[in-house]
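K.L.:
what follows is a predicted structure for the sequence shown.
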Amino acid sequence: MQLVDKILPYKSLSIVGLEKNTGKTETLNYVLKNIKNSSKRVAITSIGIDGETVDAVTNTSKPEIMIYREMIFTTAEQYFLKKRFSAEILDISREHTILGRLVTAKAVSNGKILLSGAADTHTLKKTIENNVRFGTDITIVDGALSRMSLASPAITEAMILATGAAYSSNIETLVRKTKFVCTLIGLATFDSSNIKFIDSNSTISINGDVELKGVYCLIDNELHDLDMLSALTISNISKGNLEKMRQNRTIFVFGILSNKLIDFLIEKNIAKDSTIVAKDFSTIFISDDKYHIFQKMGGKIMVLRKTNLIAVTVNPTSPEGIILNSTILQKRLEDEIGIKVIDVKQAEQK
């Protein structure tokens with residue numbers, strides 16, 4: 001199955017780079033070029049700025065973003081005025097960014113553009129919802145550097161991950177680090193259908209949309225607040241709530257899940273048979289070694305919502321000129337993660 005065929009069933013897609021210069025923009029251009037002749041109406045936006053001709057950090061040339069006729073795009077006013085093709089304005093947002101309001105338009109001809117879309121995930125979600133009003137079938141979001149939050153299943157339904165020599169110049173290290181990110185993306189979903197949260201005498205169902213904060217313990221299918229605003233301050237937990245955790249080892253974290261909670265559970269001998277449930281992979285900031293130690297001790301990490309990772313793309317060339325063997329890199333990654341891996345530059349030449 002071709003990459004485009006995997007994309008078409010979804011209404012929204014994010015493209016996220018693990019590091020600067022891992023080929024995210026090349027991946028976006030490859031997707032746009034190959035999807036333009038499909039029957040789907042495509043919209044494109046970004047979180048952050050992308051499409052620069054020169055990398056501000058490495059001072060190396062970068063590919064610009066190519067928009068095709070009939071595609072809908074959203075970018076800031078300043079960049080909309082600098083575009084090099086004709087477009088019909090569909091909407092101008094009330095919200096302001098540092099580069100002006102967000103302009104949504106339909107391309108009347110082909111051309112290149114700088115994208116600077118929503119500054120936050122709330123506005124991004126609103127942009128995606130608005131695109132449906134303009135008859136789009138799928139919105140593609142170009143992500144800022146390592147901005148995993150846009151790939152949250154609460155924002156986009158599917159994602160493509162871009163990795164490469166800029167992330168690590170050693171193939172085995174690159175494969176190991178990329179595999180770990182894919183492991184987090186692929187974490188199993190916790191069945192929360194029968195779980196309730198009781199707050200102020202009202203009962204609500206727990207799912208990926210619920211806006212809770214802090215750390216909770218599951219007792220008899222009910223979430224009990226452990227009076228922690230964040231898992232980052234878990235060391236301040238009361239003796240009573242610590243005992244709840246010890247007796248009921250399913251812990252829900254609404255917010256950032258970091259090494260601190262893992263270390264705490266190991267230190268208190270609670271890691272064995274513990275299950276930590278995070279909102280989704282984008283809220284998990286734990287290291288590879290801590291994850292595997294926790295796993296070996298009998299602990300599990302699960303999520304309320306899972307993202308559909310449909311492909312991984314590779315850029316075997318680093319800004320410093322290091323070139324990895326693309327064929328070996330693709331095979332090693334595919335063997336480890338079980339997902340199609342594409343060198344888009346190589347694919348373009350076929």
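P.N.:
Received the coordinates, thanks. Residues are numbered from 1 along each chain as shown.

K.L.:
can you classify residue 5 by secondary structure?
P.N.:
Here residue 5 takes the helix state, with states given by DSSP: H, G, I helix; E, B strand; the rest coil.

K.L.:
nope, residue 176 is what I was after
P.N.:
helix.

K.L.:
that one touches residue 288, doesn't it?
P.N.:
Yes: with contacts counted by C-beta atoms under 8 Å, residue 176 reaches residue 288, the gap being 7.2 Å. Every residue, glycine included, has its C-beta placed from N, CA and C.

K.L.:
where does this protein dip in pLDDT?
P.N.:
1, 48-63, 144-150, 198-210, 350 (pLDDT under 70).

K.L.:
middle-most residue in it, spatially?
P.N.:
residue 151 (2.4 Å; C-alpha atoms, centre = their mean).

K.L.:
could you measure from that residue over to residue 159?
P.N.:
As judged by C-beta to C-beta, to the nearest Å, residue 151 and residue 159 stand 4 Å apart.

K.L.:
what touches both of those two?
P.N.:
Shared contacts of residue 151 and residue 159, defined by C-beta atoms under 8 Å, 6 or more residues apart in numbering, are found at 14, 16, 185, 307.

K.L.:
looking at these, which are in helices?
P.N.:
residue 185 (DSSP state H).

K.L.:
among the shared contacts of residue 151 and residue 159, which two are most distant?
P.N.:
14 and 185 (11.4 Å; C-beta to C-beta).

K.L.:
any residues in contact with both of the two?
P.N.:
With C-beta under 8 Å, 6+ apart as the test, residue 14 and residue 185 both reach 151, 159.

K.L.:
next, the buried residues of the longest strand anywhere in the chain.
P.N.:
With secondary structure taken from DSSP state E, the chain has its longest strand at strand 87-97. If you call a residue buried by 16 or more other C-beta atoms under 10 Å, then strand 87-97 has these buried ones: 87, 90-91, 93, 97.

K.L.:
output that strand as CSV, restricted to C-alpha atoms.
P.N.:
What follows is strand 87-97, C-alpha atoms only, in CSV (Å, rounded to 0.1, in the frame of the first residue of the first chain):
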residue,chain,number,x,y,z
ALA,A,87,-5.4,32.6,-3.7
GLU,A,88,-9.0,33.3,-2.6
ILE,A,89,-9.4,34.3,1.0
LEU,A,90,-11.9,32.2,2.9
ASP,A,91,-11.5,33.4,6.5
ILE,A,92,-9.5,35.8,8.7
SER,A,93,-9.3,34.9,12.4
ARG,A,94,-10.1,37.2,15.2
GLU,A,95,-7.1,35.9,17.2
HIS,A,96,-3.7,37.6,16.7
THR,A,97,-0.3,36.0,16.5
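
K.L.:
paired strands for it, with orientation please.
P.N.:
strand 100-107 (antiparallel) (DSSP bridges).

K.L.:
give the contact list for the residue nearest to the centre of the chain.
P.N.:
Applying C-beta under 8 Å, 6+ apart, the residues contacting residue 151 are 14, 16, 143, 159, 185, 281-282, 307.

K.L.:
kindly report the same for residue 308.
P.N.:
Applying C-beta under 8 Å, 6+ apart, we find residue 308 in contact with 10, 153, 157-159.

K.L.:
redo those as JSON lines? Include distance to residue 79 and secondary structure.
P.N.:
Listed next are the contacts of residue 308 as JSON lines, based on distance: C-beta to C-beta, whole Å; DSSP: H, G, I helix; E, B strand; the rest coil:
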{"residue": "10", "distance to residue 79": "26", "secondary structure": "coil"}
{"residue": "153", "distance to residue 79": "29", "secondary structure": "coil"}
{"residue": "157", "distance to residue 79": "26", "secondary structure": "coil"}
{"residue": "158", "distance to residue 79": "26", "secondary structure": "strand"}
{"residue": "159", "distance to residue 79": "24", "secondary structure": "strand"}
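
K.L.:
fine, thanks again, bye for now.
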